[in-house]
Every structure is written in C-alpha cells, then in structure tokens.
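**Q** Just the structure for this:
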Amino acid sequence: MKKKNMTIEDLAGMVQRGFGDINEKIATKQELKSLELKIDKRFDRIEKLILADHRERIEKLEVEIKEIKDLLAFK
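**A** Now for the predicted structure:
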C-alpha cells in the first residue's frame, strides 16, 4: 500500500470538518437560561399544588378533630 503524506493543511481540514457542526449541537447560555426558567415555573406549579392539597387535608382534619371534641364534651 502506498503511503500518503498528510500535510498540516489536510489535518486542519479534517479537524475543521469534525467540529463544523459543533456550534449547532451546543446549547447557548440563553437557551439554557430559558430552559431553567421553564423548569422553575413547573416546579413552582407542582409545589403550589402539593401545598394546596396539604392545606385542604389539614383543614379537613381540623374540622374532624373539632367534631370529635364536641362529641366528647357532651358525654
């Protein structure tokens, strides 16, 4: 097999082709910040739903405890 001499220019061209699409594949800071904001909003919504559910459950328990106290007070 005949050996091909590679020049620095050939090597540079190979490297350039290898990294040609890298800018399209790497997310920009703005894209990451936008994604972070979306995630934060989703977590906030989830947290609010959980807290609302807990608040309702606690209020229901408080009513039930009051009813039990009232029943026991009559005996």
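**Q** hey, let's count contacts and neighbours off CA atoms from now on
**A** Fine.
**Q** The residue positioned nearest the centre of the chain: helix or strand, and which one exactly?
**A** Geometric centre of the chain, nearest residue: Ile39, 4.2 Å, by Cα atoms, centre = their mean. Using DSSP states H and E, Ile39 falls within helix 29-74.
**Q** host element of Glu24?
**A** Remark: Glu24 resides in helix 22-25, with elements defined by DSSP H and E.
**Q** taking the mean pLDDT, what do you get for that helix?
**A** For helix 22-25, mean pLDDT rounds to 73.
**Q** just stretch 45-56 next, same as before
**A** Averaged over stretch 45-56, pLDDT sits at 98.
**Q** Report the distance from it to the chain centre.
**A** 19 Å (Cα atoms, centre = their mean, to the nearest Å).
**Q** circling back: the helix holding Glu24: how far from the chain's middle?
**A** For helix 22-25, the distance to the chain centre is 22 Å (Cα atoms, centre = their mean).
**Q** What residues sit buried inside it?
**A** Neighbour counts over helix 22-25 (16 or more other Cα atoms under 10 Å) mark no residue as buried.
**Q** Against which helices or strands is that helix packed?
**A** Here helix 22-25 touches no other helix or strand, going by 3 or more Cα pairs under 8 Å, 6 or more residues apart in numbering; DSSP states H and E.
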